[in-house]
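Q: The following comprises the amino acid sequence and a computationally predicted model.
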Amino acid sequence: MHQEPAFHLKSICFDENYQPSDSTRITTNFANLARGTSRQQNLRNTLRMIDNRFNNLAHWDNPTGDRYSVELEIISVEMSIGAETRRAAFPLIEILKTCILDKKTNQRIDGIAGNNFSSYVRDYDFSVVLPQYNAHRAEFGMPDDFGDLHGKLFQQFANSRLYKEHFGKPPVICISASTSKTYQRTGNQHPVLGVEYQQNELSSTDQYFAKMGMQVRFFMPPNGVAPLAFYFHGDLLGDYTNLELIGTISTMETFQKIYRPEIYNANSAAGRIYQPSLKNQDYSSTQIVYDREERSQLAITQGKFAEEHFIKPYKNVLEQWAAR
């Protein structure tokens with residue numbers, strides 16, 4: 001008998017009272033902010049930045065610039081294998097779901113699922129597998145099957161009945177552009193996503209997302225200073241409404257301004273040819289407390305956690321499943 005992975009969903013509101021759960025990856029954007037003495041102020045400021053940016057982009061029929069508010073829900077995807085009880089489920093993926101409150105019509109508008117993307121298995125791939133593979137190699141490389149298992153797990157979830165019951169449209173993940181690549185502005189411009197950029201070659205992250213069935217496009221939204229990377233299935237410009245896209249941009253650009261202010265809170269905007277750099281000195285701080293150093297160390301800890309509690313115990317089952 002074949003053992004199929006089964007997915008379970010849990011959700012929690014991301015608001016100023018949010019407390020990370022024990023199974024949340026602490027390196028996750030929203031969890032990192034919700035710790036320490038400044039946690040409530042951090043959360044309040046972050047949510048205010050998201051709302052302000054949303055209204056700045058959704059400026060039509062919005063003369064006072066306060067028509068909309070964004071509500072965020074953290075969706076945790078757990079996975080169990082075979083006849084295991086739900087209690088033994090492994091925390092597989094965490095994403096964010098936006099919901100837009102239109103205060104003029106008193107209507108709630110469903111936003112996009114995805115946005116932020118957090119995964120223990122990805123930590124394992126990038127913090128355990130890659131360093132081991134490259135330990136004795138002269139030139140950086142990736143194993144041929146790098147990201148295969150993770151990609152199949154993600155696609156299995158995104159195509160599952162459970163996903164379709166909860167979310168009306170495929171996920172969109174929005175993260176920062178790679179600092180190792182160069183981007184060139186194109187003539188394509190979208191009213192909400194902004195100016196499109198194209199990169200000189202695929203990054204390792206782009207290749208990793210390709211195994212998740214996702215392609216990438218880069219856009220610098222109006223009044224933004226650097227292009228964001230949008231990973232999606234299908235047609236990014238055709239499948240989603242302007243308000244849905246604005247929900248994603250306002251949320252994820254805010255996180256990037258906090259985490260990568262050198263790029264996303266720079267004092268001058270990207271030029272025609274652009275290479276993002278964390279060494280840029282000309283940027284503004286958001287006043288939101290965040291420990292980037294801790295975050296990179298924790299990725300290694302969490303990668304090892306995934307290896308010990310998921311990859312090793314289920315190695316045979318996972319390999320058989322992936323091979324099918």
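A: Received, thanks.
Q: Can you tell me the element residue 198 falls in?
A: strand 194-199 (DSSP states H and E).
Q: Over to residue 187?
A: Residue 187 belongs to strand 183-190, assigned by DSSP H and E.
Q: That strand relative to strand 194-199, how many degrees between them?
A: Orientation of strand 183-190 against strand 194-199 (axes from the mean of the first three to the mean of the last three Cα atoms, to 10 degrees) gives an angle of 150 degrees.
Q: Quick one: the helices in the stretch 101-250 of the chain, in order.
A: 120-124, 130-134, 148-158, 161-166, 204-210, 236-239, 242-259 (DSSP state H, counting those that start in this stretch).
Q: At the geometric centre of the chain, which residue sits there?
A: Nearest to the mean C-alpha position of the chain, counting by Cα atoms, centre = their mean, stands residue 116 at 2.4 Å.
Q: Residue 42 touches residue 289, doesn't it?
A: Yes - under the criterion of Cβ atoms under 8 Å, residue 42 makes contact with residue 289 at 6.0 Å. (Glycine included, C-beta is placed from N, CA and C.)
Q: Give me the more crowded residue out of these two.
A: residue 42 (22 against 16; other Cβ atoms under 10 Å).
Q: Give me the secondary structure label for the more buried one.
A: helix (DSSP: H, G, I helix; E, B strand; the rest coil).
Q: Which helix or strand in this structure has the lowest average pLDDT?
A: Lowest by mean pLDDT, DSSP states H and E among the helices and strands of the chain is helix 29-33, with a mean of 61.
Q: ok, which stretches of the stretch 201-324 of the chain are strands?
A: Per DSSP state E, counting those that start in this stretch, the stretch 201-324 of the chain carries strands over the ranges 215-220, 228-232, 273-274.
Q: packing partners for the first one?
A: If I follow you right, that is strand 215-220. When contacts are defined as 3 or more Cβ pairs under 8 Å, 6 or more residues apart in numbering; DSSP states H and E, strand 215-220 packs onto strand 194-199, helix 204-210, strand 228-232.
Q: right, and the ones you listed - which one's nearest residue 271?
A: With Cβ to Cβ as the criterion, residue 271 lies closest to strand 194-199 of the helices and strands packed on strand 215-220, at 10.5 Å.
Q: Return the most buried member of the strands of the stretch 201-324 of the chain.
A: Mean neighbour count (mean count of other Cβ atoms under 10 Å) peaks for strand 228-232 among the strands of the stretch 201-324 of the chain, with a mean of 23.
Q: quick one: contacts of it?
A: Here strand 228-232 makes contact (Cβ atoms under 8 Å, 6 or more residues apart in numbering) with 170-178, 193, 205-206, 209, 212, 214-221, 236, 239, 248-249, 252-253, 256.
Q: Comparing the helices and strands packed on strand 215-220, which comes out most buried?
A: Stretch with highest mean neighbour count among the helices and strands packed on strand 215-220: strand 228-232 (a mean of 23; mean count of other Cβ under 10 Å).
Q: Report the angle between that one and helix 242-259.
A: Using the same axes, to 10 degrees: strand 228-232 against helix 242-259 is 130 degrees.
Q: Can I get strand 228-232 in CSV, CA atoms only?
A: Taking Å, rounded to 0.1, in the frame of the first residue of the first chain, the C-alpha atoms of strand 228-232 are listed here in CSV:
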residue,chain,number,x,y,z
LEU,A,228,10.3,42.7,-6.3
ALA,A,229,10.3,39.1,-7.5
PHE,A,230,6.8,37.6,-8.1
TYR,A,231,6.6,33.8,-8.4
PHE,A,232,3.3,32.4,-9.8
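Q: Without its sequence neighbours, what residue ends up closest to residue 55?
A: If you skip the residues right next to it in sequence, residue 55 has residue 65 as its closest partner in space, 4.6 Å away by Cβ to Cβ, 6 or more residues apart in numbering.
Q: what's the burial count for that neighbour?
A: Using other Cβ under 10 Å, the number of residues around residue 65 comes to 13.
Q: And residue 315, by the same measure?
A: 12.
Q: Tell me how far it lies from residue 149.
A: Distance from residue 315 to residue 149, counting by Cβ to Cβ, to the nearest Å: 10 Å.
Q: Stretch 233-244 - what's its average pLDDT?
A: For stretch 233-244, mean pLDDT rounds to 96.
Q: who touches it?
A: With contacts defined as Cβ under 8 Å, 6+ apart, stretch 233-244 is touched by 58, 68, 98, 100, 109-112, 158, 169-172, 190-193, 213-215, 217, 230, 232.
Q: Which ChimeraX command selects the buried ones in those residues?
A: To isolate the buried ones among the contacts of stretch 233-244 in ChimeraX, judged by 16 or more other Cβ atoms under 10 Å, type:
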select :58,68,98,100,110,111,112,158,169,170,171,172,190,192,193,213,214,217,230,232
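Q: Could you pull up the residues touching residue 100?
A: Here residue 100 is in contact with 54, 68-71, 108-111, 243, 246-247 (criterion: Cβ under 8 Å, 6+ apart).
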